[in-house]
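Model the structure of this input:
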Amino acid sequence: MNKKLCTALFLSIFLMSPAIVEAKLTREAHVLYQEACNFEYNGDYKSAINIIQQALNINGEDAMLYTKIAGLYADIGEYEEALGAYKKAVKLRPNDAFIYISIGNILQTMNDYENAYNSFIQAQQIYPEYKYNYLNIANIQYLRKNYADAIDNYTKFLTAYPEHMEASENLANVYYASGQPDKACEIYSSIYKKYPSAFKDYTAYGMALFDTKQYKPASQMLEKALVDNTDSEAIMAKLALSYQNLGDNETALSYFERTFKLNPNLTALKFDYGNLLGNMGKNEEAIEAYKEYIKAFPNDASAYKNLGIVYKNMGNSELALFNLEKSYTKDPSDIDTKKELALAYHMKQDYINALKFYNLALSSDPDNYELLANKALTLHAMNNYVASIELYKTLLSKKPNERLKANLNSATIAYAYSLLNKKDYGEAILYFEDAIEMNNKEASAYFGYAKANEKMGMTNVAYENYKKAVEIEPNNEEYKAALTAFTINYKIAEAKTAAEKKPIPAEQAASYDKLIKQGDEAYKNGKYTEAIDFFTKAVVFQPNDKNTMLKIANLYKLTGNNTKALTFYDRLLTLDKDNSDAYFNKGLVLAAQKNYDDAIKCFERVIQLSPEYPYAYYSLGMAYEQKGDTEKAVEYYHLYSGLESDETMLNTVKQKIKELEG
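Numbering: from 1, shown residues only. Next comes the predicted model:
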């Protein structure tokens, strides 16, 4: 804003003042007045002052002479003398608004903004029709930082004088100073379009554009500003940040370096400088920039976060976690920090902490696909197959993803094998079937499916799937050995069955096969009552079908019909007195009925038949614990621990032993 006073303006204003009586100078004083004007015209203000003083000695009560000498004093910077003269003039003309305006301008130049404001307001009260005074009031309110009032008065002034460039610029400056850069940009843009050659306020316009994230035009304006301000660190810093936001890293780097050359102590800028260096892969330099920044701003969580990310990118997981944890301590609400911590712990294979931070991040961003995908991978890595499978399926229902589909298949197969190891053959079969349906080229799924079916007595299915596994991976020695062994046993069993089994008519055989397929489909879809119905009808055709009998018993157990379950377990045991699965499940039903003595007998029989059946020992421990026989319970829990490999179950049993022994 131009604070220089213009005497010519004051004189023209004075001459236009309303209701002012023509000054009555003596002839001698008038001659002196004209002589003073000539000296003023030639720039000899001191001589002009001396002449006016002579005129005042003759006409000491003339307001025009005091106004003239006040203006001359103002021109040579003798503001106190100028004020003294104006005050004498205002006594002579107390209703002259323009004398108050002149006083206000001098007080403004002297930085006495409050009294300047009062003078302008006095002028407005005397002569409210004079619209130019709005500019004076607006300027002084701008300087006083009364931005709302300044905006109001600039607007009133520009309504009367819409082409006034300086007032428009000042209004834009006020908007920017009051935190309204968007409105400032509108006005700067309008001025620049109207007066492109006269426009000089490139710095303010560029800064406003930067604050409104208009980085391209901001850089253009700031480049123009730099032409006349070659050593401005503020302009160069904003140019560095503008180009950084535009992704022009090389130009941004150049401006950062020029800025720090001018002022190496601009520590606050080191944060953005570190970000740029990190994005450019200049990791060592980025680390140094962040460290300098952190030394000055030790509580800025973002700096620790970004430093941690740089260390992570360098493969230094320890320092990455150290800084990310520090960032999280200082700002636990930052979702990006939680995401980065989850990823860092994931990379370190610390899945417990990775899962913790995935969950924390998801609490703020529950639909984040990448976070959910990484959480699924973590659950998978922790062998929490059921949860990972469920999450994989949820994600794939939202959008296809080949990587997640492959992981779902892998988790499904792994869970099926865990069920196989726990002798839960029926459930294992269902999961192996899901895996094969997802990917019919995965040999391990066919192999596991064959093993589960073999355990369930489904020899035909087992044989076909052993062969399928070997077809897919002909060089897998385990698969080939299993197929060879099964083929030998299968042929022996087939011959024995053929000798014992009476053939049934072809029509009945077709009905039997159809019912078995319908029962398996219903079971797979969770329709257990329908499955029981189909399997029960099937055994009418094959009364000695031990596998279907076991399925029926297990389904009755699953649906809570313990009486029916026991009936079918007993029927199966009359056909196969050495069926360990039947004894085990019968024991579970008896234990559920609190018949612990008979349950114990069943579990003991399982151990006789299958000494490596871990859950029989666990169930014996549970039964004895329920009976109150602590010593026996502990004994069987210890035996179970020697056979189990699942860490979760082992921890559970260890806790039980600790409680019972303690």
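
Could you pull out the helices in the stretch 51-200 of the chain for me?
63-75, 79-92, 97-109, 113-126, 133-143, 147-160, 165-177, 181-194 (DSSP state H, counting those that start in this stretch).

Output the third one as PDB - backbone C-alpha positions only.
Coordinates of each C-alpha in helix 97-109 appear next as PDB, following Å, rounded to 0.1, in the frame of the first residue of the first chain:
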ATOM      1  CA  ALA A  97     -14.100  17.100   5.900                       C
ATOM      2  CA  PHE A  98     -11.000  17.300   3.700                       C
ATOM      3  CA  ILE A  99      -8.800  18.800   6.400                       C
ATOM      4  CA  TYR A 100      -9.600  15.700   8.600                       C
ATOM      5  CA  ILE A 101      -8.800  13.500   5.700                       C
ATOM      6  CA  SER A 102      -5.400  15.200   5.300                       C
ATOM      7  CA  ILE A 103      -4.800  14.900   9.000                       C
ATOM      8  CA  GLY A 104      -5.700  11.200   8.800                       C
ATOM      9  CA  ASN A 105      -3.200  10.600   5.900                       C
ATOM     10  CA  ILE A 106      -0.400  12.200   7.900                       C
ATOM     11  CA  LEU A 107      -1.200  10.200  11.000                       C
ATOM     12  CA  GLN A 108      -1.300   7.100   8.800                       C
ATOM     13  CA  THR A 109       2.100   7.900   7.500                       C
END
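
What is that helix packed up against?
helix 7-16, helix 63-75, helix 79-92, helix 113-126, helix 133-143 (3 or more C-beta pairs under 8 Å, 6 or more residues apart in numbering; DSSP states H and E). The way it works is simple: take the backbone N, C-alpha and C, and place the C-beta from them, glycine included.

May I see the buried residues of stretch 442-454?
442-454 (16 or more other C-beta atoms under 10 Å).

Now intersect the residues you listed with the helices, please.
443, 444, 445, 446, 447, 448, 449, 450, 451, 452, 453, 454 (DSSP state H).

can you redo the residues you listed as TSV with distance to residue 391 and pLDDT?
Formatted as TSV, those follow (distance: C-beta to C-beta, whole Å; pLDDT from 0 to 100):
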residue	distance to residue 391	pLDDT
443	26	94
444	22	95
445	20	94
446	26	95
447	26	95
448	22	93
449	24	89
450	29	90
451	27	90
452	25	85
453	29	79
454	32	82
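
now, which of those sits nearest residue 240?
Using C-beta to C-beta, residue 444 comes nearest to residue 240 of those, at 55.9 Å.

Can you give me every residue that contacts the closest one?
413, 469 (C-beta atoms under 8 Å, 6 or more residues apart in numbering).

how much space between it and residue 479?
9 Å (C-beta to C-beta, to the nearest Å).

in this protein, what secondary structure element scores lowest on mean pLDDT?
helix 7-16 (a mean of 36; mean pLDDT, DSSP states H and E).

How far off centre is the helix or strand that that one is followed by?
Using DSSP states H and E, the helix or strand that directly follows helix 7-16 along the chain is helix 27-41. How far helix 27-41 lies from its chain's middle: 77 Å, per C-alpha atoms, centre = their mean, to the nearest Å.

With stretch 568-585 instead?
The answer for stretch 568-585 is 57 Å, by C-alpha atoms, centre = their mean.

What residue spans form the domains of the protein?
Per automatic domain parsing, the domain ranges recorded for the chain read 1-130, 401-499.

Which parts of the stretch 201-350 of the chain are helices?
For the stretch 201-350 of the chain, applying DSSP H, counting those that start in this stretch gives helices covering 202-211, 215-228, 233-246, 249-262, 270-279, 283-296, 301-313, 317-330, 335-347.

for the fifth one, what is the average pLDDT?
I take that to be helix 270-279. Averaged across helix 270-279, pLDDT comes to 96.

ok so, going back, quick one: common contacting residues for residue 444 and residue 479?
residue 469.

With respect to residue 161, which of the helices and strands packed on helix 97-109 lies nearest?
Among those, the nearest to residue 161 by C-beta to C-beta is helix 133-143 (7.9 Å).

what's in contact with that closest one?
With C-beta under 8 Å, 6+ apart as the criterion, helix 133-143 contacts 1, 97, 101, 104-105, 108, 113, 116-117, 120-121, 123-124, 127, 147, 149-154, 156-157, 160-161, 164, 167, 170-171, 173-174, 177.

same thing with stretch 49-62?
Contacts for stretch 49-62 (C-beta under 8 Å, 6+ apart): 23-26, 28-29, 32-33, 35-36, 39, 65-66, 68-69, 72-73, 76, 92.

circling back: could you dump the helices of the stretch 201-350 of the chain into CSV with distance to residue 510 added?
As requested, these are exported to CSV (distance: least, C-beta to C-beta, whole Å):
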stretch, distance to residue 510
helix 202-211, 81
helix 215-228, 76
helix 233-246, 74
helix 249-262, 74
helix 270-279, 70
helix 283-296, 72
helix 301-313, 64
helix 317-330, 63
helix 335-347, 54
